[in-house]
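Undergrad: From the sequence below, what's the structure:
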Amino acid sequence: MTPFVYLDNPTTDEPRWCKWIGRLQHYFRAMRETDGTTMRSMMLHMGEDELYDLFEHPPNTGADDDFDAAVAGLNRHFDPQMNPDYERFKLHQAWQADVESVDTFFSWLTKLASMCTEINNRMKLERN
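TA: Residues are numbered from 1 along each chain as shown. Take a look at the predicted model:
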């Protein structure tokens, strides 16, 4: 498994983190690993220096045997608060490249629109 490479870029780090931690969790299931201490240690070892350095800074990463709290702490770091205006701007500025298929462009627009919908839903919950 390749180590997690942190680029300090919110646009690319969050999706890469989700993919990397998902692959790691599949690995743990395949190896039938359930011990939280071992899983947490293996995550930090396989993530190498950059992930280990990040892990030392976020608060509330739980006890040494709490793998889920460690992942939740890193998720909070990689899942920044979305800016509603910027997400709408990205949706309105989207255009189809000459070499891009209609299906690919439609998928991209759907993803952008879902981000706007998610933001609207979060804002409604915060108001109540």
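
Undergrad: What about Cys18, how many residues nearby?
TA: When neighbours are defined as other CB atoms under 10 Å, Cys18 has 13 of them. Where C-beta positions appear, they are placed from N, C-alpha and C, glycine not excepted.

Undergrad: Beyond the helix or strand harbouring it, next helix or strand please.
TA: For Cys18, the host element (DSSP states H and E) is helix 10-30. Later in the chain than helix 10-30, the nearest helix or strand by DSSP H and E is helix 36-56.

Undergrad: and that following helix, average pLDDT?
TA: Averaged over helix 36-56, pLDDT sits at 88.

Undergrad: Using PDB, list the CA coordinates for that helix.
TA: Provided in PDB are the C-alpha atoms of helix 36-56 (Å, rounded to 0.1, in the frame of the first residue of the first chain):
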ATOM      1  CA  GLY A  36      -7.800  -0.700  17.700                       C
ATOM      2  CA  THR A  37      -4.200  -0.200  19.000                       C
ATOM      3  CA  THR A  38      -2.800  -2.300  16.200                       C
ATOM      4  CA  MET A  39      -5.000  -0.600  13.500                       C
ATOM      5  CA  ARG A  40      -4.000   2.900  14.700                       C
ATOM      6  CA  SER A  41      -0.300   2.000  14.800                       C
ATOM      7  CA  MET A  42      -0.500   0.500  11.300                       C
ATOM      8  CA  MET A  43      -2.300   3.500   9.900                       C
ATOM      9  CA  LEU A  44       0.400   5.800  11.200                       C
ATOM     10  CA  HIS A  45       3.200   3.500  10.000                       C
ATOM     11  CA  MET A  46       1.700   3.000   6.500                       C
ATOM     12  CA  GLY A  47       0.900   6.700   6.200                       C
ATOM     13  CA  GLU A  48       4.600   7.500   6.900                       C
ATOM     14  CA  ASP A  49       6.000  10.900   8.000                       C
ATOM     15  CA  GLU A  50       3.500  13.300   6.600                       C
ATOM     16  CA  LEU A  51       0.500  11.600   8.100                       C
ATOM     17  CA  TYR A  52       2.200  11.000  11.400                       C
ATOM     18  CA  ASP A  53       3.100  14.700  11.600                       C
ATOM     19  CA  LEU A  54      -0.500  15.700  10.800                       C
ATOM     20  CA  PHE A  55      -1.800  13.200  13.400                       C
ATOM     21  CA  GLU A  56       0.200  14.900  16.200                       C
END
